[in-house]
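**Student:** sequence first, predicted model second:
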Amino acid sequence: MTTQIIDSGQVEQHNASQRATLQADYDALGGMLSRRGVDIEALTAKAQTFAVALPSWGVGTGGTRFARFPGKGEPRDVTEKLEDCAVIHQLTRATPTVSLHFPWDKPADPKALRQQADSLGLSFDAVNSNTFQDQPGQAQTYKYGSLTAQSQAAREQAVAHNIDCIELGKTLGSKGLTVWVGDGANFPGQHNLRGALERYLDSAKGIYAALPDDWLMYIEHKLFEPAFYCTVIADWGTSFAAAQTLGDKAKCLVDLGHHAPNTNIEMIVARLAQFGKLGGFHFNDSKYGDDDLDSGSIDPFQLFLVFNELADATLRDGTFKPAYMLDQSHNVTDPIESLMSSAVEVQRAFVQAALVDRAALAGFQEANDALQSAQALKKAFRTDVSPILAMARLRAGGAADPVAAYRASGYREKVAVKRPPKAGASGSGIV
Ligand code: AFD
Ligand code: MN
Ligand code: MN
């Protein structure tokens, strides 16, 4: 039996207040779609198949390198993070998995953590290693890099940490390791550019060798920061080359915020999918670079275009299934509310992409009809699929309006009492 953290009677009461309006909107949309030859029931069933993993580090209040303004009732450890993740999944029914970050989330008893997740109806997605910070008592510093460090002892320590993450992940039931390193240089000349990548590949091979057969290693690239002149895995080309060098179990991970402004991310998605190296995503939105803003809050059309490529890739290969994760930092909102809305925004793009009339689009493309090709995409993007998303949640036992149901439940106020701030707590988001 799954433990429901929000009283299910309260959710039911919320849904009862919404049901009639939702049904009317759903029927109206169903009528419109059927005139376009689209079956709304098929779309709703498809929406129900959507799932995106939650980042454990996203349920705490984030911050910038200037400051962090903690919110009330933040989770203080990994078990409280799981409780918040369970609330998000209970109301959205779209987030059944959690991506942990070590050592921040290192459990005292991994088996007990797995049991807690299980009792909450959650399981674990890819685990993330952390070699971008020094931990108390650590023998070697990562000040000058981890997997690429000049110091062999530092490189070995970073590889060993990644292997520890795999071991922990095995006990938790994860099937993937996401590796993002901030290694790079702040000055031209500080690094031999080729030498740094050679060291990275050598270290990464040590991690890859410890991967179980049914695991994937996700290589996450990022343009800049914390190194401001160059970063070792700065772009999809380097990520692709590293994944090719390592082998079949190594794939590229695309974080939507890790590119220069105006980069055509959907084209990167198409390229990586074409060559079998698209492993997964960190969804968020961005105005400038690694802003970690809520998914769909700045450029929902870009998110749609990414899913349009994913829909195309799935049509070409039914087994194609990249991992979907959110990676956001919530500085001024309640993280639970942001993560619920963001999961729904990503799900919205998934459903809108399914609405594209692909036969018509292919016809327009063949005829070199640029205007109608663009309109075919816009037609799907402009369709408000909110009633489909709400109905999918309702049918799966979630909330018609997750944020309204959450606010009505008083969850945050309750945990604010139960979770007074604790020194040394590991609940914060990425700063
Ligand atoms: C940092 C990186 C990257 C990574 C995350 C978790 O920019 O997005 O996924 O930390 O390791 O924010
Ligand atoms: Mn990321
Ligand atoms: Mn990032």
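**Tutor:** Yep, it's here. Ligands and ions are numbered 1, 2, ... in the order given.
**Student:** CA atoms for contacts and neighbours, from now on please.
**Tutor:** Noted.
**Student:** tell me if I'm right that Thr159 and Ile207 touch.
**Tutor:** Small correction: residue 159 is Val, not Thr. Yes: if you go by C-alpha atoms under 8 Å, Val159 and Ile207 touch, sitting 5.9 Å apart.
**Student:** just give me the neighbour total for Lys81.
**Tutor:** 24 (other C-alpha atoms under 10 Å).
**Student:** how close does it sit to Lys249?
**Tutor:** 29 Å (C-alpha to C-alpha, to the nearest Å).
**Student:** next one: Ile265
**Tutor:** Counting by C-alpha to C-alpha, the gap from Ile265 to Lys249 is 23 Å.
**Student:** those two: which is more packed in?
**Tutor:** Ile265 (22 against 19).
**Student:** Provide a list of residues in contact with the more buried one.
**Tutor:** Counting by C-alpha atoms under 8 Å, 6 or more residues apart in numbering, Ile265 makes contact with 256, 259, 302, 306.
**Student:** just checking, Asp299 touches Leu293?
**Tutor:** No: under the criterion of C-alpha under 8 Å, Asp299 makes no contact with Leu293, lying 10.6 Å away.
**Student:** any idea which helix or strand carries the nearest residue to Arg419 once chain neighbours are set aside?
**Tutor:** Using C-alpha to C-alpha, 6 or more residues apart in numbering and skipping the chain neighbours, the partner closest in space to Arg419 is Gly73 (5.3 Å). Using DSSP states H and E, Gly73 sits in no helix or strand.
**Student:** follow-up on the earlier one: of Asp299 and Leu293, who's got more company?
**Tutor:** Shown here are Asp299 and Leu293; by other C-alpha under 10 Å, Leu293 has more neighbours (22 against 12).
**Student:** and the more buried one, what are its bridge partners?
**Tutor:** Bridge pairing for Leu293 (DSSP bridges) gives the partners Asp285.
**Student:** next, the contact list for it, please.
**Tutor:** 284-286, 328-330.
**Student:** now the two most distant members of those residues.
**Tutor:** Ser286 and His330 (12.9 Å; C-alpha to C-alpha).
**Student:** now do the shared contacts for the two.
**Tutor:** 292-293.
**Student:** chain center to stretch 185-194, what's the gap?
**Tutor:** 31 Å (C-alpha atoms, centre = their mean, to the nearest Å).
**Student:** hmm, who's touching it?
**Tutor:** Counting by C-alpha under 8 Å, 6+ apart, 184, 227-232 sit against stretch 185-194.
**Student:** one more: stretch 319-329?
**Tutor:** 51-55, 58, 61-63, 99, 255, 278-284, 291-295, 313-314, 339, 342-343, 429-430.
**Student:** so how far is the one helix or strand Tyr218 maps to off the chain centroid?
**Tutor:** Secondary structure from DSSP H and E places Tyr218 in strand 216-220. Centroid separation for strand 216-220 versus its chain: 13 Å, with C-alpha atoms, centre = their mean.
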